[in-house]
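Trainee: Sharing a model prediction with you, sequence too.
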2 protein chains.
Amino acid sequence: MSSIKNSTKKKATLKDVAHTANVSVATVSRVLNDSPNVTKKTKDHVNNVIQELSFSPSPMARALNTGRTRTVGALVPTLDHAIFSKFLGALEKQLSSHKHSLVISTTNGSPQTEFEQATALLNMGAEALIVSGKTRSQEFDALVKRFNVPVIITSYYDPKADYPSIGYDNAAISKLALDHFIEKKYTAVTVIHGPTSDNDRTRDRLRGIKSDNRFNDVTYMEAELSVDGGCQATNEIISSNQKPNVIFCLSDVLALGVIFELQRNNINIPNDIAVMGFDNLEWAEHTVPPLTSIELSVKDMGKHAADEVCHFLNSGKPINNIKLSGHLLKRKTT
Amino acid sequence: MSSIKNSTKKKATLKDVAHTANVSVATVSRVLNDSPNVTKKTKDHVNNVIQELSFSPSPMARALNTGRTRTVGALVPTLDHAIFSKFLGALEKQLSSHKHSLVISTTNGSPQTEFEQATALLNMGAEALIVSGKTRSQEFDALVKRFNVPVIITSYYDPKADYPSIGYDNAAISKLALDHFIEKKYTAVTVIHGPTSDNDRTRDRLRGIKSDNRFNDVTYMEAELSVDGGCQATNEIISSNQKPNVIFCLSDVLALGVIFELQRNNINIPNDIAVMGFDNLEWAEHTVPPLTSIELSVKDMGKHAADEVCHFLNSGKPINNIKLSGHLLKRKTT
DNA sequence: TTGACTTATGTAACCGTTTACATTTATTAC
DNA sequence: GTAATAAATGTAAACGGTTACATAAGTCAA
């Protein structure tokens, strides 16, 4: 039963190491941060003791001193869409190469939830926040001001936004599709898009389309952002009297549903109806027929966001606005 | 230029609050943690000052004292696969409801990277680790012992594993598919699976199939775990002299590629070749024809992992092994 | 009013590091 | 061998909170 006492083996502290090594805490600390002014001999000795006591420094104590947690928080609407996962994957990878960690929170696209999660993130020591889209709640702004942390907007490029932004000119990019439609002589367009509430990127893409006066036969349909949503919208189109030349999906996920459903109804793509996607997800080139889509370099976005935020954190260098481009990939659905 | 001085407005500390509110630090701390023993009057007063100075307590100092960071680390092979994102989304959501944060790191499926990322996670204060699969490196085990943090294995149920596990009996679940094949009188089976190195779940699924002596005409193909991988494998099948009744994909992602490629080659599903998936991703029910698949309740896995780890962290209650079940969803590709 | 007891507040030690500064030890030049 | 200089080590004060314990203020019965 004496093991009960032993089971309370508290983690060794730097002080413990100093004591058993017969040196001062400062020396141990120096060894830990491999300062040049330590004899190889003592260094080795201390390192041995560290091993022996299987000591590892407390991140909290360290953070308290240095004021740095090396943690960045990211707020995304959901993890359920590949586009965000891809972004976060790249972000995490790059942050990790800068020795920073990524904490992810989901917001459901709700500014209120975003604020709450941001609070949690900041309370746990995030040194910066990466958010999606440029729309923030007032509470969020106040919070950020209070904590005085940098914020980077992603997926949306707007140098006049409240925070530096790294992303796309969504309105302009959606015009790439319209140019393509002109080229293909598609005049009747049905646009299927995800929910616009709390999604300024979608709104912007729509704005881009609406502001283009080359088209006067455009129908807009809002659908749930899923393959299922694409299927449902397609069924509505089929059973309505719409006769679009092309269905423009503001997300490949929707386009996949459209392709499936058109096919299920023996409607030929692109002869009867053409289909165009957005995002160029991994499988887009493999659909039957291969999906014409717009490639957004989401991984670059993650990489840039990581680089910018780390530069700022490490050297105070101001965060740049970065405009990323989109590319139209012409394939066989148009 | 006097603003230079002002720009160095350091964040208010608890001490500052105490001072301007004319109370002791202890009182402020009590207000912060709403201890019952504070007069409503002083409480209000202190809260006002807190507002006024826009003070917010330092998470590091707090963590240093309490020893708690309320942070959990998760290690997954990649964020590029929906199955992990789904899991992490659920995990994050549930952790968040327990007032904990999730830090995500990707390992690329490499035990070495896993170890490195785990080190980083622990160094930044993660109180627990959630990992995928039961295979760990020795270094990892040593690390965990040193930090003395709980670890939960996911995607793999094995009460005899080194750490508590929450997941599936992968071998048993893959037999669900085999039972179905018997029922459908499919005798020639081609199995397409992702890389097995560093993926014990896939190995286990394969083990389950190999150990089933009802089949003697089984071909195994390893492919990159992507739609593209599925396409390539299918082309190999077509150009080989294999004549499977059914192609069993150990991931829906592969199955999607198979469906596309068979369709592209005008091979009828299921009459010429049947297809079976695994994971039941969101779109599985919408493919043409709808994909028969095996549903794994990945979101439950996330939820359970969060609950178990929080219970442990909050009350020392030991972590349970939890076996989750898989369900065969019969659809039209078989 | 007083003593006994409860409640509110204050004091100071502590959590585990880093680091400026002081001190000791080693090196070099003469 | 000694003074001057450089290098290694030690001391103690931060960092910003929490909390055990001490003390002051209120409450209430007799």
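Mentor: Thanks, I have it.
Trainee: could you point out which element follows the helix or strand of chain A with the lowest mean pLDDT?
Mentor: In chain A, the helix or strand scored least confidently by mean pLDDT, DSSP states H and E is helix A:3-7, which has a mean of 33. Per DSSP states H and E, helix A:3-7 leads on to helix A:14-21 as the next helix or strand towards the C-terminus.
Trainee: Just the CA coordinates for the following helix or strand past that following helix, please, in PDB.
Mentor: Using DSSP H and E, the helix or strand that directly follows helix A:14-21 along the chain is helix A:25-32. Backbone C-alpha positions of helix A:25-32 (Å, rounded to 0.1, in the frame of the first residue of the first chain) are rendered in PDB as follows:
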ATOM      1  CA  VAL A  25      18.000  27.200 -11.800                       C
ATOM      2  CA  ALA A  26      19.500  29.700 -14.200                       C
ATOM      3  CA  THR A  27      22.000  27.200 -15.400                       C
ATOM      4  CA  VAL A  28      19.300  24.700 -16.000                       C
ATOM      5  CA  SER A  29      17.300  27.200 -17.800                       C
ATOM      6  CA  ARG A  30      20.300  28.100 -20.000                       C
ATOM      7  CA  VAL A  31      20.800  24.400 -20.800                       C
ATOM      8  CA  LEU A  32      17.100  24.200 -21.800                       C
END
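Trainee: residues making contact with helix A:25-32?
Mentor: Residues outside helix A:25-32 that contact it (C-beta atoms under 8 Å, 6 or more residues apart in numbering or on different chains) are A:14-15, A:17-18, A:21, A:37-38, A:42-43, A:46-47, A:50, A:57. Quick note: C-beta positions are derived from backbone N, CA and C, even for glycine.
Trainee: go with 10 Å
Mentor: Helix A:25-32 is contacted by residues A:13-19, A:21, A:23-24, A:35-39, A:42-47, A:49-50, A:55-57, A:62, A:65 when judged by C-beta atoms under 10 Å, 6 or more residues apart in numbering or on different chains.
Trainee: quick one, what contacts residue A:128?
Mentor: Applying C-beta under 10 Å, 6+ apart, we find residue A:128 in contact with A:71-74, A:95, A:100, A:121-122, A:144, A:149-152, A:305, A:308-310, A:312-313, A:319.
Trainee: Can you say which of the residues you listed are buried?
Mentor: A:71-74, A:95, A:100, A:121-122, A:144, A:149-152, A:305, A:308-310, A:312-313, A:319 (16 or more other C-beta atoms under 10 Å in any protein chain shown).
Trainee: What about the residues you listed, which are in helices?
Mentor: When DSSP state H defines the helices, the subset of these inside them is A:95, A:121-122, A:144, A:305, A:308-310, A:312-313.
Trainee: Show me where chain A has its strands.
Mentor: A:71-76, A:101-106, A:128-132, A:151-154, A:165-168, A:188-193, A:217-222, A:246-249, A:274-276, A:293-296, A:322-324, A:326-329 (DSSP state E).
Trainee: State the mean pLDDT of the first one.
Mentor: Right, the one you point to is strand A:71-76. Taken as a whole, strand A:71-76 has an average pLDDT of 95.
Trainee: Can you list the strands that it pairs with?
Mentor: Partners of strand A:71-76 in the sheet, by DSSP bridges, are strand A:101-106 (parallel), strand A:128-132 (parallel).
Trainee: confidence score at residue A:227?
Mentor: Looking at residue A:227, its pLDDT stands at 97.
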